[in-house]
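Undergrad: A predicted structure for the sequence below; I have some questions about it.
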Amino acid sequence: MSINHVILSGNLGANSELRYTKSGTPILTFSLAVNDRVPNGDGTWGDYTNWPDCSMFGKRAEALAPYLTKGVKVTVSGRVRTHTYQKDGQNLKRWEIRVENVELMQVKREQQSAYAQPAEQAQPIATSPAPDVYDEDIPF
């Protein structure tokens, strides 16, 4: 039995890039800065940053593109895919994460304000008076 499932949490290193295949399928690509604590040679600890490449396909990729901008913290889950290719006569291998789920852990303030409803347009919520509750109405 094999398991190919990965969960990563980190910050986008740059704005995501939305492209389309010849058939019109949306492809969203981005790199994720995932820090790992490692010991330094002098007994202290430091951060080592991994930069996995991530890709998403379909309508969800298209919908998430405006939110996946540089610095935004996300958690992604998906599968590892390996691509082999040749460059200058050498066989090379590239790993990427095929993202299936994205959770926005933080959205930049300017994105939040762009989607917030201005206070003067907000509609009051109709509320009904709270019902009277007596001790004998509680079954325990």
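TA: Looks like it arrived, so ask away.

Undergrad: which residues touch Arg94?
TA: Arg94 is in contact with 53, 82-85, counting by Cβ atoms under 8 Å, 6 or more residues apart in numbering. For every residue, glycine as well, the C-beta is placed using N, CA and C.

Undergrad: could you pull out the strands in this protein for me?
TA: Counting by DSSP state E, the chain has strands at residues 6-12, 17-20, 26-39, 45-50, 53-57, 73-87, 90-104.

Undergrad: among those, which is the most enclosed?
TA: Looking across these with neighbours counted as mean count of other Cβ atoms under 10 Å, the highest average goes to strand 53-57: a mean of 19.

Undergrad: rounded mean pLDDT for that one, please.
TA: Here strand 53-57 scores 96 as its mean pLDDT.

Undergrad: can you start the count at 25 instead of 1 from here on
TA: Got it, the first residue is 25 from now on, which makes the last one we talked about strand 77-81.

Undergrad: that one pairs with which strands?
TA: Sheet partners assigned to strand 77-81 using DSSP bridges are listed as strand 50-63 (antiparallel), strand 114-128 (parallel).

Undergrad: can you tell me which residue is nearest the centre of the protein?
TA: Centroid-nearest residue in the chain: Val98, 3.6 Å away (criterion: Cα atoms, centre = their mean).

Undergrad: distance of it from Ile27?
TA: Applying Cβ to Cβ, to the nearest Å, the value for Val98 to Ile27 is 22 Å.

Undergrad: does Pro63 touch Trp69 like I think?
TA: Yes. If you go by Cβ atoms under 8 Å, Pro63 and Trp69 touch, sitting 5.8 Å apart.
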